[in-house]
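Novice: Structure for this input, please:
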Amino acid sequence: MARKIFVNLAVQDLDKSVDFFTQLGFAFDPNFTDASATCMIISDEAFVMLLVADRFSDFTKKELCDTATHTEAILALSADSREQVDELVDKALAAGGQPANDPLDEGFMYGWSFQDLDGHLWEVIHMEPSALGR
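Specialist: Numbering: from 1, shown residues only. The predicted model follows:
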């Protein structure tokens, strides 16, 4: 069985976050959704739990990161093409996200990044299949 990953992120306004990520084309699992959390489906094996800050705090003894001044993680998503990278980041910026870094073109790899409504950093990366040995 393939290993799955569930990333957990604290959000300030769950409804606004759901609207933001819906505009980027993501869906949510209603079986894991209530007033304080939702499960965003990245793929069959990858999910992001968006939890309001108070609910997120139930799972840690540490203080939550202030994403306006600190980076907690960089979440990277693959894309099938350079155009798909630009399309997803453009959607994020149009939906209210903020730019993170300028596009990075390494020839065999192309990426661009944005910050979501809560300041979480997302990179969207396309790598030529030949660079992966495929």
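Novice: which stretches of the chain aren't confidently modelled?
Specialist: 132-134 (pLDDT under 70).
Novice: Would you mind giving the domain segments of it?
Specialist: Per the record, the chain has its domains at 1-58, 73-134, by automatic domain parsing.
Novice: which residues are contacting the lengthiest helix in the chain?
Specialist: Taking DSSP state H as the criterion, the chain has its longest helix at helix 82-94. Identification of contacts with helix 82-94 by C-beta atoms under 8 Å, 6 or more residues apart in numbering yields 20, 23-25, 77, 79, 99, 103, 110-114, 116, 122, 124-126. Bear in mind the C-beta positions are built from the backbone N, C-alpha and C, glycine included.
Novice: Now, of those, which are buried?
Specialist: 20, 24, 77, 79, 110-114, 116, 122, 124, 126 (16 or more other C-beta atoms under 10 Å).
Novice: Please flag which of the residues you listed sit within strands.
Specialist: Counting by DSSP state E, the buried ones among the contacts of helix 82-94 place 77, 110, 111, 112, 113, 114, 122, 124, 126 in strands.
Novice: Out of the domains of the chain, which gets nearest to residue 65?
Specialist: Nearest to residue 65 among the domains of the chain is domain 1-58; the distance by C-beta to C-beta comes to 8.0 Å.
Novice: Quick one: end-to-end distance for that closest one.
Specialist: 30 Å (C-alpha to C-alpha, to the nearest Å).
Novice: go on, stretch 28-41?
Specialist: End-to-end distance (C-alpha to C-alpha), stretch 28-41: 6 Å.
Novice: Nearest spatial neighbour of residue 54, chain-adjacent residues omitted?
Specialist: residue 36 (7.2 Å; C-beta to C-beta, 6 or more residues apart in numbering).
Novice: meant to ask about residue 122, not that
Specialist: residue 75 (5.1 Å).
Novice: So the one you found belongs to a strand, correct?
Specialist: Yes. Counting by DSSP: H, G, I helix; E, B strand; the rest coil, residue 75 falls inside a strand.
Novice: how much space is there between it and residue 107?
Specialist: Counting by C-beta to C-beta, to the nearest Å, the gap from residue 75 to residue 107 is 24 Å.
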